[in-house]
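Asker: for reference, the sequence and a predicted model appear below.
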Amino acid sequence: MKNIKAIALNTFRESIRDKIFYAVGFFAVIFAVILFFISTASLGEETHVLRSLGLGGIYIFGIILTILLSSSLLSKEFEKKTVYFLFSRPVTSAEMVVGKFFGLFLTLLAANILFSAVYLTMIWIGVSLFDIGAILALFLGLLEMAVFVSLMIFFSSVTRPSIAVIAGVTLLYLGHSSTLLLQTATKAGNGALQTFIQYFFYVFPNLEKFNIRNSIVYNLSLTPSELIFTVTYAIFLIIFFLALASVFLRKREL
């Protein structure tokens, strides 16, 4: 636990100091200002525009930050040769992977708190609404980012950062499209395609489970059982991908 804490804090400090963190934050604030002025010309749809585009913007900037920071998380250690120092001490691959995960998760948590504060302030000033429902959507969005961090750590443990980015973005797209693909294959009536997509649907992460932004915008409720299942699903995926990353990192030649 001591090693995990030390690695997590060091990763957090490095990520916070990274220029990427400030660049994404800067563009996120610019987006919020532009969105605020757009909403004022929305002819009575200010609340809908602010909530829909605001929540979508937080998710997009959060995912961009996740991809950029996590894709080279482990490769930096190999490039700087610091991994040799770590593994020469009583530090296991599992401790390194878990420490890296929590360090980057803390960075994303800090970024999401900042984005959320800007969003809630913008909603309050724009339409005098404290959007408490959005907090749940932001929480599940943060959970998805945590899952994606674990996925990117796994990819970066087995391949180069550029390939890790391509693989991560591809799986991100497919993870949000799996339900649509399953419905399309069912309507098409192609047995082989339908079977393949069904296997894909049940094997690969269904990231659409974390997307309740439209439900929040249209004031649709989420049952406690659905929320518990989604949180449990996220924890399972995180543990699974981190375990795989630990195994591959241990087998990787140093």
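Answerer: Ah, there it is.

Asker: can you check the pLDDT for the spatially most central residue of the chain?
Answerer: Closest residue to the average C-alpha location of the chain: Met145 at 1.5 Å, with CA atoms, centre = their mean. Looking at Met145, its pLDDT stands at 91.

Asker: what mean pLDDT does stretch 37-51 get?
Answerer: Per-residue scores along stretch 37-51 average to 68.

Asker: wait, the residue nearest to the centre of the chain sits on Thr66?
Answerer: Yes. Using CB atoms under 8 Å, Met145 is in contact with Thr66, at 4.9 Å. (Glycine included, C-beta is placed from N, CA and C.)

Asker: contacting residues for the residue nearest to the centre of the chain?
Answerer: Contact analysis of Met145 by CB atoms under 8 Å, 6 or more residues apart in numbering lists 62-63, 66, 108, 112.

Asker: most neighbours out of the residues you listed, which is it?
Answerer: Within those, most neighbours by other CB atoms under 10 Å means Thr66, with 26 neighbours.

Asker: these two touch, right, that one and Thr107?
Answerer: No. Thr66 lies out of contact with Thr107 (CB under 8 Å); the separation is 9.2 Å.

Asker: for the protein, which spans come out with low pLDDT?
Answerer: 39-46, 74-89, 127, 179, 181-202, 252-254 (pLDDT under 70).

Asker: and the longest helix seen in the chain, what's buried?
Answerer: Determined from DSSP state H, the single longest helix within the chain is helix 93-127. In terms of neighbour count (16 or more other CB atoms under 10 Å), helix 93-127 has its buried residues at 93-108, 111-112, 115-116, 118-120, 122-123, 126.

Asker: then stretch 219-238?
Answerer: 230, 233-234, 237-238.

Asker: noted, bye for now.
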